[in-house]
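Participant: Have a look at this prediction, sequence included:
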Amino acid sequence: MATLKELAKRTEGLVGGHRACAGCGASAAIRQILLAAADKPTVCGICTGCMEVVTTIFPFTAWNVNLVHNAFENSAATTSGMEAAYKALKRKGKIKGDINFIAFGGDGGTYDIGLQSLSGAIERGHKMLYVCYDNEAYMNTGYQRSSATPYGAHTTTSPSGKKIPGKQQKRKDLTEIIISHDPAYAAQATPGYYMDLIKKVEKALAADGPSFINVLSPCVPGWGYPSEQTMNISKMAVETLFWPLYEWQDGVYTINVKPREPKPVEEFLKLQARFRHVFKPGNEHLVEAFQAHISRQWERLLRKEEASK
Amino acid sequence: MKILAKTGNEAMAYAMKQINPDVVAAYPITPATEVVQIFSNYVADGEVDTEFVAVESEHSALSACCGASAAGARVMTSTASQGLALMHEILYIAAGNHLPIVIALVNRSLSAPINIHCDHSDTMGSREAGWMQLYCANSQEAYDSIPIALKIAEACGVPAIVSTDAFIISHCMDRLEVLEDDEVQKFIGEYNPKYFALDLENPKTYGPLDLQDYFFEHKRSQIDAFSKVLSTYNKVAKEYEKLSGRYYPAVEEYKTDGADVAIFTAGSTADTAKEVVDELREQGRKVGLVRMRMWRPLPVEEIKAALGKFKAVAVMDRSDTMADFGGPVFLETRGILYDLDKKPIITDYVYGLGGRNVEIADIVRVYDEISEIAKTGKVKKLVTYLGVRGEE
Amino acid sequence: MKDVKVECQRLMDWQELAKGCLIQEAATSRHFKTGDWRSLRPVWDSEACIQCLFCWITCPDTSIKVEDGKVVGIDYEFCKGCGICAEICPPKASAIKMVREEK
């Protein structure tokens, strides 16, 4: 695996001058991913969303690699088309050498509107990596709930009102949905654990087939925290077991980070304005329900790891 | 020259085989399923080098086509009706990004009610998307139009739809004259786009975001590319004539010399109407037919020249605009003829929705009615729904 | 685009645009400076820096300058002053401090 010192000598895939918010977790993640991929030429696709909008405002692009944007829900299908073109053109001798294909999408473009496109692309076996930069809501349009939004979170379409305290449904376990497609590689990561993310990108790109990494990407305005806290919150998500770092390959689950003493989920929640209401008197049950859900998910993951050994 | 017996779908699939595109991403839909099916057989038998992507929806079909085309591949697909409707969002993106994808399409009605038979509501509903549209009258024309459309698309950076009528053409066996594979290859030439996303030496960003300062300029540039399509078509159609002996003008006139009245229509109905014209001409009646083959871009001057000389014209529209003012061909044709000092009286017959058969008698009735209009100058009914029960 | 830096600074007519709605060069955002978004400025102390590169790898704006694998400073043309670098800098080094931008 490349060390930071080695990575620092590589060509950046995402350069400065993009219009992401200060402290944006997703742009840090994409930068890290492109650095990890930079030992080979890389061609990317991207869904409409925050990252596409802030990085490609004509005539300014932050991308130092080829990028194709098509629509909101079809980065997987579009990138699969590029991969098909690559195979065809390589056969004809028009293109030489290997290319990394990476498709990016936010949680809206991946968990929700683009799920079918992603499922199809993975089932078809295209050799490409799909990265979901999961910031847990539709941030580009102003923080609306998605199926990745966690239970209890306030968003502009699951507001914490007088009667209903935030989102009443649990988040969808997308990583597990993808694993059920039997891809070449699947993992969860977050940019606070950048070496873990980089290693996973290397594994995903080396895998012989479709791969998927779900990257929890803290969002300063959407989650409501000071911009310098992005990496701390990213780490806290792992330390509280809110976002387990694990990978799956050939049927085997490996949990990459097992906190010796997991912190209560409150430690993650209390850093963010989107959960402010759950700490109001009378809402104790929300935190309890949240914790119960997190613990259950973790136990289940441990059992899956154990069973797949 | 080889002569084969093929249906419209077989003819289009055969043309695709001879083109041997780099990528075909497609999804089955009645009545175009056969095109996808036959083509995947060509792939399975190694008769083409194509990377065939059997996607999970038409939306993904066109999305994958866009990715492949942006990557620098020669790309084709096939669909119909609901499939084209599901592609609708991406039709605009393919066109806006100047991706010369060709769709071998079968015209079928749009739901609801669900129906698998012919009308033109699918492509007519997509006519603002920025795709060239060619409506074919028979299998031979469908076969010939595929390489013609591809060549124009790639030359202009404009995607194209070649369509046939559901079942009437798509599933009916017809005599088909085909070119040799190498003749087709020579005609279309090699595809080497200037910009392509697999160009690793010069990374670019394809499909960026335009704010208010650039969107209009990019659209204007797209409109400019589109404005070259008709002149390119006229050249390419002549070139194809040299190769095949078959010539297809954007607007076809049939027995219009000395005619007082004419029907203006598209697709297989035009072939039926030709029979009627022959019969009526034998009876000494001054009737003619004008066939609309290209409907995007609009061959404005050709339509003016073809229709301007008549006293009365009946448009036969195989779809409706829901504008309470007839079909799209009628509405747009009225706009085109507006500038003429001397213009024909023009009425509309919306017919054949959902595969309703159009009989010889129906077409005779249309000629009778416009002949009457030409004589009296009086229009009783501007828009007639022809062949629907409960209607006069 | 002939000279990207120049072309990015003016509004082009439609005839000048590449057919295909694309940005013909990579990384043209280098001509769009986001440094003026900043209200806090990171100040890097080369003496205190232990070259762990944590600030570099977590910067969302590619604004930690590196040369030959080593941090050499901060790119104030793009740095938005988020403060991630100062926050992630190991406490034993504390080589980056955030200070208020002077107007």
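Facilitator: The structure has been received and is ready for your questions. Residues are numbered from 1 along each chain as shown, chains lettered A, B, ... in the order given.
Participant: which residues sit against stretch A:148-167?
Facilitator: A:107, A:111-112, A:134, A:136-138, A:142-145, A:168-172, A:174, A:222, A:242, A:269, A:273-278, A:283, A:286, A:289-290, A:293 (CB atoms under 8 Å, 6 or more residues apart in numbering or on different chains). Heads up, the C-betas are built off the backbone N, CA and C, glycines and all.
Participant: chain center to that stretch: distance?
Facilitator: Taking CA atoms, centre = their mean, to the nearest Å, one finds stretch A:148-167 lying 21 Å from the centre of the chain it belongs to.
Participant: Quick check: end-to-end length of that stretch?
Facilitator: In stretch A:148-167, first residue to last residue: 11 Å (CA to CA, to the nearest Å).
Participant: Equivalent analysis for stretch A:101-116, please.
Facilitator: So stretch A:101-116: terminal residues 19 Å apart, CA to CA.
Participant: how distant is it from the center of its chain?
Facilitator: Relative to the chain's own centre, stretch A:101-116 is displaced by 9 Å; criterion: CA atoms, centre = their mean.
Participant: on that earlier part again, I would like a ChimeraX command selecting only the buried ones among the contacts of stretch A:148-167, please.
Facilitator: Burial among those is assessed by 16 or more other CB atoms under 10 Å in any protein chain shown; the matching ChimeraX selection reads:
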select /A:107,111,112,134,136,137,138,143,144,145,171,172,174,222,242,269,274,275,277,278,283,286,290,293
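Participant: B:A160 and B:E154 touch, don't they?
Facilitator: No: under the criterion of CB atoms under 8 Å, B:A160 is not in contact with B:E154, lying 9.5 Å apart.
Participant: burial count for the nearest residue to B:T333 once chain neighbours are set aside?
Facilitator: Once flanking residues are discounted, B:T333 sits nearest to B:V315: 5.7 Å by CB to CB, 6 or more residues apart in numbering or on different chains. Residues near B:V315, counting by other CB atoms under 10 Å in any protein chain shown, number 28.
Participant: Point out the residues in chain C that sit beside chain B.
Facilitator: C:11-15, C:17-26 (CB under 8 Å from any CB of the partner chain).
Participant: Which residue ranges of the stretch 201-309 of chain A form strands?
Facilitator: A:211-216, A:246-249, A:252-255 (DSSP state E, counting those that start in this stretch).
Participant: Could you do chain C as well?
Facilitator: Counting by DSSP state E, one finds strands in chain C at the ranges C:22-23, C:40-44, C:64-67, C:70-74, C:96-100.
Participant: and among the strands of the stretch 201-309 of chain A, the most buried is which?
Facilitator: Mean neighbour count (mean count of other CB atoms under 10 Å in any protein chain shown) peaks for strand A:211-216 among the strands of the stretch 201-309 of chain A, with a mean of 27.
Participant: when you scan it, is anything in it near chain C?
Facilitator: No: legend: contact between strand A:211-216 and chain C by CB under 8 Å from any CB is lacking; minimum distance shown is 13.3 Å.
Participant: Could you pull up the mean pLDDT of that strand?
Facilitator: Mean pLDDT, strand A:211-216: 98.
Participant: what sits up against it?
Facilitator: A:25-26, A:29, A:33, A:118, A:122, A:128-134, A:136, A:174-175, A:178, A:183-191, A:197, A:200-201, A:203-205, A:234, A:237, A:243.
Participant: Give me the distance from it to the chain's centre.
Facilitator: 5 Å.
Participant: I'd like the C-alpha coordinates of that strand written as PDB, please.
Facilitator: Extracted C-alpha coordinates of strand A:211-216, given in PDB (Å, rounded to 0.1, in the frame of the first residue of the first chain):
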ATOM      1  CA  SER A 211     -16.500  -2.900  -6.700                       C
ATOM      2  CA  PHE A 212     -18.200  -0.600  -4.300                       C
ATOM      3  CA  ILE A 213     -17.100   1.700  -1.500                       C
ATOM      4  CA  ASN A 214     -19.600   3.500   0.700                       C
ATOM      5  CA  VAL A 215     -17.800   6.600   2.100                       C
ATOM      6  CA  LEU A 216     -19.500   8.400   5.000                       C
END
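Participant: Partner strands of it, with direction?
Facilitator: Strand A:211-216 has the following strand partners under DSSP bridges: strand A:129-134 (parallel), strand A:185-189 (parallel).
Participant: of all of chain A, which residue lies closest to chain B?
Facilitator: As assessed by CB to the nearest CB, chain B sits closest to A:G81 within chain A, at 2.9 Å.
Participant: quick revisit: which one of the strands of chain C is the most hemmed in?
Facilitator: Counting by mean count of other CB under 10 Å, strand C:22-23 has the highest mean neighbour count of the strands of chain C, with a mean of 26.
Participant: Over to B:S63. Which of the three states is it?
Facilitator: Following DSSP: H, G, I helix; E, B strand; the rest coil, B:S63 is assigned to helix.
Participant: Just give the number of residues close to it.
Facilitator: B:S63: 34 surrounding residues under other CB under 10 Å.
Participant: check contacts around it.
Facilitator: Contacts for B:S63 were tallied using CB under 8 Å, 6+ apart; they are A:N70, A:A71, A:N74, A:A77, A:T78, A:G81, A:S117, B:I90.
Participant: Could you chop chain C up by domain?
Facilitator: Structural domains annotated on chain C: C:1-29, C:33-100, as defined by automatic domain parsing.
Participant: Count the neighbours of the residue in the stretch 51-200 of chain B positioned nearest to chain C for me.
Facilitator: Scanning the stretch 51-200 of chain B for the residue nearest chain C gives B:H98, at 4.2 Å (criterion: CB to the nearest CB). Residues near B:H98, counting by other CB under 10 Å, number 26.
Participant: Verify the contact between it and B:F226 for me.
Facilitator: No: with contacts counted by CB under 8 Å, B:H98 stays clear of B:F226, the gap being 9.9 Å.
Participant: Find the residues that touch each one of these two.
Facilitator: Listed as contacting both B:H98 and B:F226 by CB under 8 Å, 6+ apart are B:V158.
Participant: out of the strands of chain C, nearest to A:E228?
Facilitator: Nearest to A:E228 among the strands of chain C is strand C:96-100 (7.6 Å), distances taken as CB to CB.
Participant: Given that closest one, what are its sheet partners and their directions?
Facilitator: strand C:40-44 (antiparallel).
Participant: Using CSV, write down the CA coordinates of the partner strand.
Facilitator: Output of strand C:40-44 as CSV, limited to C-alpha atoms (Å, rounded to 0.1, in the frame of the first residue of the first chain):
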residue,chain,number,x,y,z
LEU,C,40,-9.4,32.3,9.4
ARG,C,41,-6.0,31.8,8.0
PRO,C,42,-3.9,28.7,8.8
VAL,C,43,-0.3,29.6,9.7
TRP,C,44,2.2,26.8,9.2
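Participant: Now do it against strand C:70-74, angle only.
Facilitator: Using axes from the mean of the first three to the mean of the last three CA atoms, to 10 degrees, the inter-axis angle of strand C:40-44 relative to strand C:70-74 is 140 degrees.
Participant: on that earlier part again, redo the strands of chain C as CSV? Include distance to A:G17.
Facilitator: What follows is those, written out as CSV (distance: least, CB to CB, whole Å):
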stretch, distance to A:G17
strand C:22-23, 12
strand C:40-44, 17
strand C:64-67, 14
strand C:70-74, 15
strand C:96-100, 21
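Participant: could you dump those strands to CSV with mean pLDDT?
Facilitator: Listed next are the strands of chain C as CSV, based on pLDDT from 0 to 100:
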stretch, mean pLDDT
strand C:22-23, 96
strand C:40-44, 98
strand C:64-67, 98
strand C:70-74, 98
strand C:96-100, 98
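Participant: is it true that A:G120 lies in a helix?
Facilitator: Yes: counting by three-state DSSP, A:G120 falls inside a helix.
Participant: Thought B:E58 was touching it, still the case?
Facilitator: No: assessed by CB under 8 Å, A:G120 is found out of contact with B:E58, at 11.7 Å.
Participant: check which helix or strand covers the residue of chain A closest to chain B.
Facilitator: Taking DSSP states H and E as the criterion, A:G81 maps to helix A:75-91.
Participant: In terms of residue numbering, what are the domains of chain B?
Facilitator: B:2-244, B:251-386.
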